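Asks: have a look at this prediction, sequence included:
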Amino acid sequence: MAESARKPRFEIRRGTDASDFEESGLMQSNPLTETEMAGAGATMEAGVMDGTNVKLLFDMPGMSLARAWFKSGFPLPRHTHNTDCLYYVLAGSLRMGTEELVAGDTFFVGADVPYSYVPGPDGVEVLEFRASNAFDIKLMANNKAFWDKATEMVRDKQAAWAEETPPSGG
């Protein structure tokens, strides 16, 4: 077995050493439709990235752990990943359909199952456990009305997001 493919038998990684998830290269984007590309571009210009912070805490072949903080009302588009994921709500709350999940709750999303959620009034912090350290994201938001509403919400939230801190206090 190649040295780089060998799994460690024991390893500690410090949260203070966590890397930016976007820079990790673990998640590959599938091609966007024209509507998704235009909508995602508009939300980016409006400042959508001010409403999220995702850190890669751990990864090795066949496993990854990320901490995601989404600020209040963050417009997370409906999407899928090509690998199973177990989510643990650390702090804050989220609404998924008619269900409200709070700190201590978990939810599982199987590979290729579409999902979305809306962070609560204090935002939400979740841990994302995956049995993979390489996966994709496929947006399922080919709806101009969704993107128009998301862009407007992002613009409206800029001042509030600037003041928000993680609900865990961390």
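Replies: Structure's in. What do you need? Numbering: from 1, shown residues only.
Asks: got a list of what Val113 touches?
Replies: Thr80 (Cβ atoms under 8 Å, 6 or more residues apart in numbering). In this view, the C-beta of every residue, glycine as well, is placed from N, C-alpha and C.
Asks: ugh, typo on my part, it should be Ala66
Replies: By Cβ under 8 Å, 6+ apart, the contact list for Ala66 reads 21, 54-57, 127-128, 130.
Asks: and Leu56, which helix or strand is it part of?
Replies: Using DSSP states H and E, Leu56 falls within strand 52-60.
Asks: so which bits of that strand are buried?
Replies: If you call a residue buried by 16 or more other Cβ atoms under 10 Å, then strand 52-60 has these buried ones: 52-59.
Asks: tell me the strands beside that strand, with direction?
Replies: strand 19-20 (antiparallel), strand 63-70 (antiparallel) (DSSP bridges).
Asks: what average pLDDT does the longest one get?
Replies: Meaning strand 63-70. Average pLDDT, strand 63-70: 95.
Asks: what's next to whatever helix or strand comes next after it, contact-wise?
Replies: Remark: after strand 63-70, the chain's next helix or strand is strand 79-80, criterion DSSP H and E. Strand 79-80 is contacted from outside by 111-116, 137-141, using Cβ under 8 Å, 6+ apart.
Asks: the longest helix in this structure is where?
Replies: Ranked by number of residues, the top helix in the chain under DSSP state H is helix 144-163.
Asks: return the distance of that one from the chain's centre.
Replies: 17 Å (Cα atoms, centre = their mean, to the nearest Å).
Asks: C-alpha coordinates for that helix, PDB please?
Replies: Extracted C-alpha coordinates of helix 144-163, given in PDB (Å, rounded to 0.1, in the frame of the first residue of the first chain):
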ATOM      1  CA  LYS A 144     -35.400  31.800 -11.200                       C
ATOM      2  CA  ALA A 145     -37.900  32.800  -8.500                       C
ATOM      3  CA  PHE A 146     -35.800  30.900  -5.900                       C
ATOM      4  CA  TRP A 147     -32.600  32.800  -6.900                       C
ATOM      5  CA  ASP A 148     -34.400  36.200  -7.100                       C
ATOM      6  CA  LYS A 149     -35.800  35.700  -3.600                       C
ATOM      7  CA  ALA A 150     -32.400  34.400  -2.300                       C
ATOM      8  CA  THR A 151     -30.600  37.400  -3.800                       C
ATOM      9  CA  GLU A 152     -33.000  39.900  -2.200                       C
ATOM     10  CA  MET A 153     -32.700  38.100   1.200                       C
ATOM     11  CA  VAL A 154     -28.900  38.200   1.000                       C
ATOM     12  CA  ARG A 155     -29.000  41.900   0.400                       C
ATOM     13  CA  ASP A 156     -31.400  42.400   3.200                       C
ATOM     14  CA  LYS A 157     -29.400  40.300   5.600                       C
ATOM     15  CA  GLN A 158     -26.000  42.000   5.200                       C
ATOM     16  CA  ALA A 159     -26.200  44.300   8.200                       C
ATOM     17  CA  ALA A 160     -27.600  41.500  10.500                       C
ATOM     18  CA  TRP A 161     -25.000  39.000   9.300                       C
ATOM     19  CA  ALA A 162     -22.200  41.400  10.000                       C
ATOM     20  CA  GLU A 163     -23.300  41.300  13.700                       C
END
